[in-house]
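> A predicted structure for the sequence below; I have some questions about it.
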Amino acid sequence: MQGLTITTGSATPCVHSSLARFSSKTTNVASRFSAKAVQKQSLAAFQPTFHLFSSNVNVPKRQLRAHVFLPHLVASMEEVEQSYIMIKPDGVQRGLVGEIISRFERKGFKLTGLKLFQCPKELAQEHYKDLQSKPFFPKLIDYITSGPVVCMAWEGVGVVASARKLIGATNPLNAEPGTIRGDLAVQTGRNVVHGSDSPDNGKREIALWFKEGELCAWAAVQEPWLVE
C-alpha cells in the first residue's frame, strides 16, 4: 500500500497518492447517486397514483373505497325473505309432511312457524282471492278446506325463489324430477304443496295464516355454515 506524502517545499502543501484516488472515487459515487435521484424524480411522473395496499395517508378515503372490492360483504348484505309454504290436504292425507319439510330443512332455510290447521272457507277465499274470476275457484276452495293443511313460515336469503324451484311447476307433469311436485304429484288439482310467489306475498300470506305470537324468532347454529 502506498503511503501519504506531503511536500512542504512550496507555499501550498500537496496531497499525493491514496488521498487523491479516494477523493476521485468519492466524487464518482456522489455523481452516480445524484444521477439516480434525478432519474427517480423523472420517473415519478409516470408512476400510478394509487395502490390497493398503499399505506400513504395522503390518499383520499373516497379513492380507497372506490378501489377496494370485498365480495363476502355482498352476500351478508342480501335481504332475508319470508315465504309461506303450505302442505295441502292431499299431501297430509298421503303422509308426505315429513318428506316435504325435510327438503326445505336440507336446503338450509329456517322454519319460524309450523302448525296443523283446518282451514275455514272464509280464509281460503281470502288466500285465493286473485283467482276468484277463474271457473275452477269453487272447486279449489272445496279442495283446500276438505282436510287439515300444514302451515309453515320459512325464512332465509332468497327463500321465495328457491322454494318455488324446490316445489316445481304448478302442473306436476311439467315439473322437473327432483322437485316436490315432480316427484310426488300427478295432477294440478292435487299438487301437494303451495309456496308464495313473491316476497310481498310471503309476508301477506304469513300474516294471514299465522296469528300474533305463533311465529318463533330464533338463531340457527348452522347459519355461519350456510351463508357468509
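Received the coordinates, thanks. Numbers count the residues shown, from 1 in each chain.
> partners of the strand or helix carrying Lys115, with directions?
Assessed by DSSP states H and E, Lys115 sits inside strand 110-118. Partner strands and pairing direction for strand 110-118 (DSSP bridges) are strand 148-157 (antiparallel).
> what's the helix or strand following the partner strand packed up against?
Later in the chain than strand 148-157, the nearest helix or strand by DSSP H and E is helix 159-167. When contacts are defined as 3 or more CB pairs under 8 Å, 6 or more residues apart in numbering; DSSP states H and E, helix 159-167 packs onto strand 80-87, helix 97-107, helix 180-184, strand 193-195, helix 199-209. Where you see a C-beta, it was placed from the backbone N, CA and C, and this is true even at glycine.
> just the CA trace of helix 159-167, in PDB.
Coordinates of each C-alpha in helix 159-167 appear next as PDB, following Å, rounded to 0.1, in the frame of the first residue of the first chain:
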ATOM      1  CA  VAL A 159     -86.100 -18.200   0.200                       C
ATOM      2  CA  VAL A 160     -89.100 -17.300  -2.100                       C
ATOM      3  CA  ALA A 161     -87.500 -18.000  -5.400                       C
ATOM      4  CA  SER A 162     -85.600 -21.000  -4.100                       C
ATOM      5  CA  ALA A 163     -88.700 -22.500  -2.600                       C
ATOM      6  CA  ARG A 164     -90.500 -22.200  -5.900                       C
ATOM      7  CA  LYS A 165     -87.800 -24.200  -7.500                       C
ATOM      8  CA  LEU A 166     -87.900 -26.800  -4.800                       C
ATOM      9  CA  ILE A 167     -91.700 -27.100  -5.300                       C
END
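> any idea of the mean pLDDT in it?
If you average the pLDDT over helix 159-167, you get 97.
> buried stuff in that helix?
Val159, Val160, Ser162, Ala163, Arg164, Leu166, Ile167 (16 or more other CB atoms under 10 Å).
> same question for stretch 187-200.
Neighbour counts over stretch 187-200 (16+ other CB under 10 Å) mark Arg190, Asn191, Val192, Val193, His194, Gly195, Ser196, Pro199 as buried.
> first-to-last residue distance for it?
28 Å (CA to CA, to the nearest Å).
> start the count at 58 instead of 1 going forward.
Yep, numbering from 58; the last one is stretch 244-257 now.
> give me the residues contacting that stretch.
Residues outside stretch 244-257 that contact it (CB atoms under 8 Å, 6 or more residues apart in numbering): 136, 138-145, 147-148, 151, 153, 157, 193, 196, 200, 217, 220-221, 223-224, 227-230, 237-238, 241-242, 259, 262.
> try it again with 7 Å
The contact list for stretch 244-257 (CB atoms under 7 Å, 6 or more residues apart in numbering) reads 138, 140-145, 147-148, 153, 157, 200, 217, 220-221, 224, 227-229, 237-238, 241-242, 259, 262.
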